[in-house]
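> with the input below, show me the fold.
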Amino acid sequence: MPSFLSLLNSTPLRSLLLAAAILPSAHAAADNDDDAADDTPETFTALPGKSGGRSTIRLWAENDLGWSDKYYTSGVKFAYTSPEIFAKDTPLFFRDLIALTPLSLSSPTQPAAYRFHFGLTHEIYTPKHEYDHTPPPGDHPYSGLLYATFALSSETASSLDAIELSTGVIGPSATAKQAQNGWHRFIDEPLANGWHTQLHDEPILQFAWTRVGRYNWAQFGGFEIEWLPRIHVEIGTVRDYAAIGSQWRIGWHLPRDFGTGGIHSSIALARPARNFDAPLTFSSALPDSAWLFIDAQAEAWLWNAPLEGNVWHHSTKVHARPFAGGVAVGIAAQWNGWTLSITENLRTQAFRGQDKQFSAFTSISLGITF
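The predicted model follows:
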């Protein structure tokens, strides 16, 4: 068991300083807007049977199939998003609780609506030499993660905020070995032989905050161009990092959501699209849409357990790079309540000694709003 001082120096607790420096202060504004939140106009209501009362279920599958079979090799995620809960319909104590968080508050000109989110995620990481019985030092450790996420989001016509709590396990209990080798047996591929070296069982406890903005750059006929900048901060036993990113998209009848994300994006991006046809009202239907997008993100890391090993046990590890990032390009469409996206992702080197400057994987997402 490491000493308390060593934990401070080498574990996710260090990122509390980072979070304190990056999180914007919403509390001063909250005090000024308290009365405004109570006076949200009555016209801001969900129309019966329309998008305000809808839920969404979304599935993601990510794999490096066609690129390689190493490092971040596979991930799956299930997410449920609740119907909207409008500020004027929430108890006063709930609004007081929201005022203590980084979530956006409601005002007469920017009415806020809240949603609850739940997700289950499974991730698999393997080394380059996955067929060796014992991978050489400096190769990516074997590890699996299995965790549930609970989140609350607040959105206005131009911004989305989300706070998340994730809990689960990293290690053999995440069943990554069974999942990968079971699939390899099914497709008659060689098995990964080094799973006995994977990280040990340890609990996952993660906190995250995300803010996304939406700005319409141009509109001509039914075509639109949008820019969606974002900030993401995460602290916990598995990952401590801060990220800034942007997504640009062009398409036909762009949905009024906050971008297309992947397994490692905020679960709040799984929300239903919503169309604003006036400052304080919602339009009735979700139009058919199609769009192209490009995404870029830069990250500053303090702790990355799939690379740097266990917190409370001795394990295999590599030296993670303090700065990383990635770009993604994709295509998406929405039709009759269904949403489909396909994204190609390119990531920079995550650790010293990584054999290539970049790693890649494909992400596919399918969702239904009902």
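> distance from the chain centre to stretch 146-164, please.
Taking CA atoms, centre = their mean, to the nearest Å, one finds the center of stretch 146-164 at 9 Å from the center of the full chain.
> in it, what counts as buried?
Residues 146-147, 149, 151-157, 160-164 are the ones in stretch 146-164 that count as buried (16 or more other CB atoms under 10 Å). For every residue, glycine as well, the C-beta is placed using N, CA and C.
> show me the two of the residues you listed that sit farthest apart.
L146 and A157 (36.4 Å; CB to CB).
> ok, back up a step: just the closest of the buried residues of stretch 146-164 to H200, please.
For the buried residues of stretch 146-164, the nearest to H200 is L146 (14.4 Å; CB to CB).
> show me what contacts K128?
K70, Y71, P135, D139, H140, D355 (CB atoms under 8 Å, 6 or more residues apart in numbering).
> now it. Nearest residue, chain neighbours left out?
K70 (4.5 Å; CB to CB, 6 or more residues apart in numbering).
> identify the residues contacting that neighbour.
D64, T126, P127, K128, E130, H140, S359.
> recalculate using a threshold of 10 Å.
64, 125-130, 139-140, 192, 354-356, 359 (CB atoms under 10 Å, 6 or more residues apart in numbering).
> most distant residue from the centre of the chain?
Within the chain, the residue lying farthest from the chain centre (CA atoms, centre = their mean) is H133, at 33.6 Å.
> distance of the nearest residue to that residue once chain neighbours are set aside from L145?
Spatial nearest neighbour of H133, chain neighbours left out: N193 (5.1 Å); criterion: CB to CB, 6+ apart. As judged by CB to CB, to the nearest Å, N193 and L145 stand 21 Å apart.
> neighbour count: these two, which is higher?
More neighbours surround L145 than the other of N193 and L145, with 23 against 15 (other CB atoms under 10 Å).
> hang on, the more buried one in a strand?
Yes - counting by DSSP: H, G, I helix; E, B strand; the rest coil, L145 falls inside a strand.
> mind listing what it touches?
75, 121-125, 166, 168-171, 174, 176, 199, 204, 238-239, 305-306.
> so among the contacts of K70, where is pLDDT lowest?
The lowest pLDDT within the contacts of K70 belongs to K356, with 77.
> before we move on, the earlier item: between the contacts of K70, which is nearest E344?
The closest of the contacts of K70, once distances to E344 are taken by CB to CB, is D64, at 11.1 Å.
> contact partners for the residue nearest to the spatial centre of the chain?
In the chain, the C-alpha nearest the mean C-alpha coordinate belongs to S265, at 1.8 Å (CA atoms, centre = their mean). Residues in contact with S265 (CB under 10 Å, 6+ apart) are W60, K77, T210, V212, R230, H232, G245, Q247, G259, D295, Q297, S363.
> again with L366
By CB under 10 Å, 6+ apart, the neighbours of L366 are I57, R58, L59, W60, A61, W338, T339, L340, S341.
> so who does the last one touch?
Translated: S341. With CB under 10 Å, 6+ apart, S341 has these contacts: 58, 60, 260-262, 291, 293, 330-334, 363-367.
> PyMOL command to pick out the buried ones of the residues you listed?
Burial among the contacts of S341 is assessed by 16+ other CB under 10 Å; the matching PyMOL selection reads:
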select buried, resi 58+60+260+261+262+291+293+330+332+334+363+365+367
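> from the contact counts, what lies against the longest strand seen in the chain?
Secondary structure of the chain per DSSP state E: the longest strand is strand 289-304. Applying 3 or more CB pairs under 10 Å, 6 or more residues apart in numbering; DSSP states H and E, one finds that strand 289-304 contacts helix 15-22, strand 223-236, strand 239-252, helix 305-308, strand 323-335, strand 338-348.
> roughly how far does H117 sit from T348?
29 Å.
> with F220 instead?
On the measure of CB to CB, F220 and T348 end up 35 Å apart.
> comparing those two, which residue is more hemmed in?
Neighbour totals were compared for F220 and T348, and T348 leads with 16 against 7 (other CB under 10 Å).
> quick one, what contacts that one?
When contacts are taken as CB under 10 Å, 6+ apart, T348 is in contact with A298, E299, R321, F323, A324, G325, G326, V327, Q354, Q357, F358, S359.
> could you redo the last one with a cut-off of 6 Å?
Applying CB atoms under 6 Å, 6 or more residues apart in numbering to T348 gives the contacts A324, G325.
> where does the stretch 151-300 of the chain dip in pLDDT?
272-286 (pLDDT under 70).
> now the strands for the stretch 151-300 of the chain?
159-170, 202-213, 215-220, 223-236, 239-252, 276-278, 281-282, 289-304 (DSSP state E, counting those that start in this stretch).
> relative to P102, which of the ones you listed is closest?
strand 202-213 (5.3 Å).
> and the contacts of that closest one?
By CB under 6 Å, 6+ apart, the list of residues contacting strand 202-213 reads 102, 147, 159-164, 166-168, 170-171, 228-238, 258, 266, 310-311.
> circling back to that earlier point, only C-alpha atoms, please: export the longest strand of the chain in PDB.
In PDB, the C-alpha atoms belonging to strand 289-304 read as follows (Å, rounded to 0.1, in the frame of the first residue of the first chain):
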ATOM      1  CA  SER A 289     -30.900  15.500 -41.700                       C
ATOM      2  CA  ALA A 290     -27.500  14.600 -43.100                       C
ATOM      3  CA  TRP A 291     -24.100  16.100 -42.400                       C
ATOM      4  CA  LEU A 292     -20.300  15.800 -42.500                       C
ATOM      5  CA  PHE A 293     -18.100  16.800 -39.600                       C
ATOM      6  CA  ILE A 294     -14.500  17.100 -38.500                       C
ATOM      7  CA  ASP A 295     -13.400  17.200 -34.900                       C
ATOM      8  CA  ALA A 296     -10.100  18.100 -33.200                       C
ATOM      9  CA  GLN A 297      -9.100  17.900 -29.500                       C
ATOM     10  CA  ALA A 298      -6.000  18.800 -27.500                       C
ATOM     11  CA  GLU A 299      -5.500  17.200 -24.000                       C
ATOM     12  CA  ALA A 300      -3.200  17.700 -21.000                       C
ATOM     13  CA  TRP A 301      -2.800  14.600 -18.900                       C
ATOM     14  CA  LEU A 302      -1.900  14.000 -15.300                       C
ATOM     15  CA  TRP A 303      -2.900  10.300 -14.900                       C
ATOM     16  CA  ASN A 304      -3.900   7.600 -17.400                       C
END
